[in-house]
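> need a structure here:
(one chain, ligands or ions: 1)
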Amino acid sequence: MRPLLKLEDVSYSYHTISGETNALSHLSFSVYPGEFVTVVGPSGCGKSTLLSIIFGLLAPEEGKVLFSSESSPQCPSDVPKKKMRPPIGYMLQKDHLFEWRTVYQNALLGLEVAHKNTPEAREYVLSLLRDYGLYKFKDKRPCELSGGMKQRAALIRTLALNPDLLLLDEPFSALDYQTRLHVSGDICNIIKSRKKTALLITHDLSEAISLADRVIVLSKRPATVKMEMPVRLTKQDNSVLSARNAPEFKDYFNILWEAMSDEK
Ligand code: ADP
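I've put the predicted structure just below:
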């Protein structure tokens, strides 16, 4: 299968008045269509920088970020690379919902910015709100929702643009532990049921294992790929609790713990 996303030897440094910070060094990995990949690494190693590069906010200093649409034989060489990127959704730690807009109006925001607020798109957003239990709350303001519901609303706003690839930068870290368990499973199942490809950054090793098809471990800064670990859990159902109770879970946790301890 051809990867949806391929990073080849990507390096990046920040240059500021106080000096140079090497964030990424010769980083290479691939993500395949429909995969849910989690990324862990020491704090400050370059995880957010990596997502900014994949999203196109930063350009790599060295190396390449390739999408399957670019390497396709149908892609003419004179088409600008940015135009050949698949649609990408980006979800951050904070939900960034606007308080002066209702849940429905927030969910439409990306479509408005992209000039894609068509009757069909609005119908699609309503169907997402219906499918994911927010239809009753569509005329409420974000402050009237729970933390988990806000994250779901933010995901619907991202899904409204029908992205092929979702980049998730610690989207559950602002939630309390119990809510986080529920919401992470909930969001992960929504993404998988829509057959989207996802790359999720987390500092929580258990979360990384319970949600992922594969975990990528980054080294300390400048980040490079230290290890890739495919995850196969024997689960009773699709819940996070089932994943955490799987007999293989502890072994995966120990492998990650050791890999991360080396990077301290
Ligand atoms: P992580 O997400 O793994 O915590 P980041 O990608 O945010 O790490 O940052 C990697 C390194 O780059 C850190 O040392 C950070 O201080 C530095 N850094 C991040 N953004 C900037 C910036 N805009 N200017 C200068 N240095 C930055």
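> okay, now the closest residue to the ligand within the stretch 151-264 of the chain: neighbour count?
Of all residues in the stretch 151-264 of the chain, the one sitting closest to the ligand is residue 221 (5.7 Å; Cβ to the nearest ligand atom). (Each C-beta comes from the backbone N, C-alpha and C, glycine too.) Residue 221: 19 surrounding residues under other Cβ atoms under 10 Å.
> before we move on, what about residue 226?
17.
> could you look up the SS state of it?
What DSSP: H, G, I helix; E, B strand; the rest coil gives for residue 226 is strand.
> residue 243 against residue 208, yeah?
No. The criterion here is Cβ atoms under 8 Å, and residue 243 misses it with residue 208 at 10.9 Å.
> next up, the contacts around residue 209.
38, 215, 231, 233, 243, 249, 252, 253, 256 (Cβ atoms under 8 Å, 6 or more residues apart in numbering).
> ok, of the residues you listed, which one's closest to residue 183?
Nearest to residue 183, judged by Cβ to Cβ, of the contacts of residue 209 is residue 243 at 14.4 Å.
> now do the contacts for the closest one.
Contacts of residue 243 (Cβ under 8 Å, 6+ apart): 185, 209, 210, 211, 233, 235, 249.
> same thing but at 7 Å, please
210, 233, 235, 249 (Cβ atoms under 7 Å, 6 or more residues apart in numbering).
> out of those residues, who has the most neighbours?
Neighbour-wise, the contacts of residue 243 (other Cβ under 10 Å) top out at residue 210, 27 neighbours.
> returning to what we had before: now the residue of the stretch 151-264 of the chain closest to the ligand. Nearest residue, chain neighbours left out?
residue 45 (4.7 Å; Cβ to Cβ, 6 or more residues apart in numbering).
> what about that neighbour, which helix or strand?
Under the criterion DSSP states H and E, no helix or strand holds residue 45.
> and the strands in the stretch 51-200 of the chain?
62-67, 88-91, 165-169, 197-201 (DSSP state E, counting those that start in this stretch).
> leaving out the residues flanking it, which one is nearest to residue 175?
Among residues not flanking residue 175 along the chain, residue 147 sits closest, at 4.8 Å (Cβ to Cβ, 6+ apart).
> whoops, residue 238 was the one
Residue 238 sits nearest to residue 189 (Cβ to Cβ, 6+ apart), 5.5 Å away.
> what's around that neighbour, how many residues?
15.
> do residue 238 as well
Neighbours of residue 238 using other Cβ under 10 Å come to 12.
> so who does residue 39 touch?
47, 199, 201, 216, 218.
> out of those, who's the most crowded?
In the contacts of residue 39, the most neighbours by other Cβ under 10 Å go to residue 218, 26 neighbours.
> isn't that one right up against residue 226?
Yes. Residue 218 is in contact with residue 226 according to Cβ atoms under 7 Å; the separation is 6.2 Å.
> tell me the phi and psi of the residue nearest to residue 1 when sequence neighbours are not counted?
Computed as Cβ to Cβ, 6+ apart, the closest residue to residue 1 that is not its neighbour in sequence is residue 32, at 5.5 Å. Note on residue 32: backbone dihedrals following degrees, to the nearest 10 are phi -100, psi 150.
> residues near residue 32, how many?
Residue 32: 16 neighbours (other Cβ under 10 Å).
> quick check: it vs the ligand, distance?
24 Å (Cβ to the nearest ligand atom, to the nearest Å).
> hmm, residue 68 and that residue touching each other?
No. Judged on Cβ under 7 Å, residue 32 makes no contact with residue 68 at a distance of 9.3 Å.
> now the helix or strand harbouring residue 30 and strand 197-201, what's the angle there?
Element membership for residue 30, per DSSP H and E: strand 19-31. On the basis of axes from the mean of the first three to the mean of the last three Cα atoms, to 10 degrees, strand 19-31 is oriented at 140 degrees to strand 197-201.
> elements contacting strand 19-31?
strand 5-16, helix 47-55, strand 225-230 (3 or more Cβ pairs under 7 Å, 6 or more residues apart in numbering; DSSP states H and E).
> may I have that strand exported as PDB, CA atoms only?
Coordinates of each C-alpha in strand 19-31 appear next as PDB, following Å, rounded to 0.1, in the frame of the first residue of the first chain:
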ATOM      1  CA  GLY A  19      20.600  31.500  18.700                       C
ATOM      2  CA  GLU A  20      19.700  28.400  16.900                       C
ATOM      3  CA  THR A  21      17.500  25.500  18.200                       C
ATOM      4  CA  ASN A  22      17.700  22.300  16.300                       C
ATOM      5  CA  ALA A  23      14.200  20.800  16.600                       C
ATOM      6  CA  LEU A  24      14.200  17.900  14.100                       C
ATOM      7  CA  SER A  25      17.100  16.000  12.600                       C
ATOM      8  CA  HIS A  26      16.800  13.600   9.700                       C
ATOM      9  CA  LEU A  27      13.400  12.400  10.700                       C
ATOM     10  CA  SER A  28      11.800   9.800   8.400                       C
ATOM     11  CA  PHE A  29       8.500   7.800   8.700                       C
ATOM     12  CA  SER A  30       5.400   7.000   6.700                       C
ATOM     13  CA  VAL A  31       1.700   7.000   7.600                       C
END
